[in-house]
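Asker: can't give you the sequence, but here's the structure:
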């Protein structure tokens, strides 16, 4: 679920370890020479400073990710979303008097991170890659896993989901998402339940490693034929039947390939060979209760195919 509005991009440079904000790509080589230093840095998203779509870039071990509070459904609010790196990434939502752009949608925003290439709003750019190089044709994907180590907290509000948000297109240079582009969400934790117009098409058992233990988790699979409008992109949702938290490793490439078998239950002409994997996001969709949200998460680790992006 996304809306497109104007953005103020805040890009900072900090010559410290292991996270840096850049004004130009020339900062990359400088940043990589300063990995031994330690520091703290924050990005703030709030209505009063028109920073709902602030963007920063985090460098770690010859790769990078973008981060943004991405308050895409905020018409007005008091308070802020604080994304702070200080050894780990801390995301704290403290908002009140929240008014939605679209009150019918039970999501205020999706503060999180992105790895890969997304030429559309809000990131409109490409991160530095050192393991999985995106965009890449889905048919060319090797087998790889993704591991997150995270903790959630909720004082007031609703954590709709803590999730992956993955984007696939038939044209990796597209600047506008529409059918038949695909949004794949993998909900590891959720407090929202999907109902119509989401179509439940089945469930699939997946082997995960959770806090060092191999488990089988049955994921319910839903299809949203069109997101936002009659020509909107396809939404695919894998929803864990457990509320996962801690250190969670999933077979990410398998899920990306497997989704097409479910999509064909609705659109029988969709095949994986037509698609590119563009970008992989991680974050938390949240909703307020009577205008107030006080919740968040800590991300201790994000690792794709043994390449650490956050640690």
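Answerer: Cool, the structure landed. This is a predicted model, so every value here is computed, not measured.
Asker: Residue 150 touches residue 210, doesn't it?
Answerer: No. No contact is recorded between residue 150 and residue 210 when judged using Cβ atoms under 8 Å, the distance being 11.8 Å. Glycine gets a C-beta too; all of them are placed from N, C-alpha and C.
Asker: higher neighbour count, those two?
Answerer: For residue 150 against residue 210, the residue with the higher neighbour count under other Cβ atoms under 10 Å is residue 150, and the figures read 24 against 17.
Asker: since we're on the residue lying closest to the more buried one once chain neighbours are set aside, how many residues are nearby?
Answerer: Counting by Cβ to Cβ, 6 or more residues apart in numbering, residue 150 lies nearest to residue 299, which is 5.1 Å off, once chain neighbours are set aside. Here the count is done by other Cβ under 10 Å, and residue 299 has 25 residues near it.
Asker: contacting residues for residue 299?
Answerer: With Cβ atoms under 8 Å, 6 or more residues apart in numbering as the criterion, the residues that contact residue 299 are 88, 89, 91, 113, 148, 149, 150, 282, 310.
Asker: Tell me which of those residues fall in strands.
Answerer: Those of the contacts of residue 299 mapping onto strands are 88, 89, 91, 113, 148, 149, 150, 282, 310, per DSSP state E.
Asker: where do the strands sit along the stretch 51-200 of the chain?
Answerer: Secondary structure of the stretch 51-200 of the chain by DSSP state E, counting those that start in this stretch: the strands cover 56-60, 63-68, 74-86, 88-100, 112-118, 125-126, 136-137, 146-156, 158-169, 182-190, 199-210.
Asker: Reformat these into TSV and put distance to residue 291 and mean pLDDT next to each item.
Answerer: Formatted as TSV, the entries for the strands of the stretch 51-200 of the chain read as follows, by distance: least, Cβ to Cβ, whole Å; pLDDT from 0 to 100:
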stretch	distance to residue 291	mean pLDDT
strand 56-60	27	86
strand 63-68	22	93
strand 74-86	8	95
strand 88-100	5	97
strand 112-118	22	97
strand 125-126	33	96
strand 136-137	42	97
strand 146-156	10	98
strand 158-169	13	98
strand 182-190	22	98
strand 199-210	31	98
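Asker: mind checking which of those is nearest residue 294?
Answerer: When the strands of the stretch 51-200 of the chain are ranked by distance to residue 294, counting by Cβ to Cβ, first place goes to strand 146-156 at 4.2 Å.
Asker: Partner strands of that closest one, with direction?
Answerer: strand 246-250 (antiparallel), strand 293-304 (antiparallel) (DSSP bridges).
Asker: which of the ones you listed sits most buried?
Answerer: With neighbours defined as mean count of other Cβ atoms under 10 Å, those peak in mean count at strand 293-304, which reaches a mean of 21.
Asker: hey, what's the residue nearest to residue 150 bridged with?
Answerer: Bridge pairing for residue 299 (DSSP bridges) gives the partners residue 89, residue 150.
Asker: try residue 94
Answerer: residue 80, residue 294.
Asker: so it makes contact with residue 79?
Answerer: Yes. Checked against Cβ under 8 Å, the pair residue 94 and residue 79 is within contact range at 4.8 Å.
Asker: residues touching the nearest residue to residue 88 once chain neighbours are set aside, list them.
Answerer: Spatial nearest neighbour of residue 88, excluding adjacent residues (Cβ to Cβ, 6+ apart): residue 300 at 5.0 Å. By Cβ under 8 Å, 6+ apart, residue 300 lies in contact with 88, 149, 150, 151, 310, 311.
Asker: ok, for residue 226, nearest residue in space, not its chain neighbours?
Answerer: Residue nearest to residue 226 in three dimensions, not counting chain neighbours: residue 232, with 4.2 Å by Cβ to Cβ, 6+ apart.
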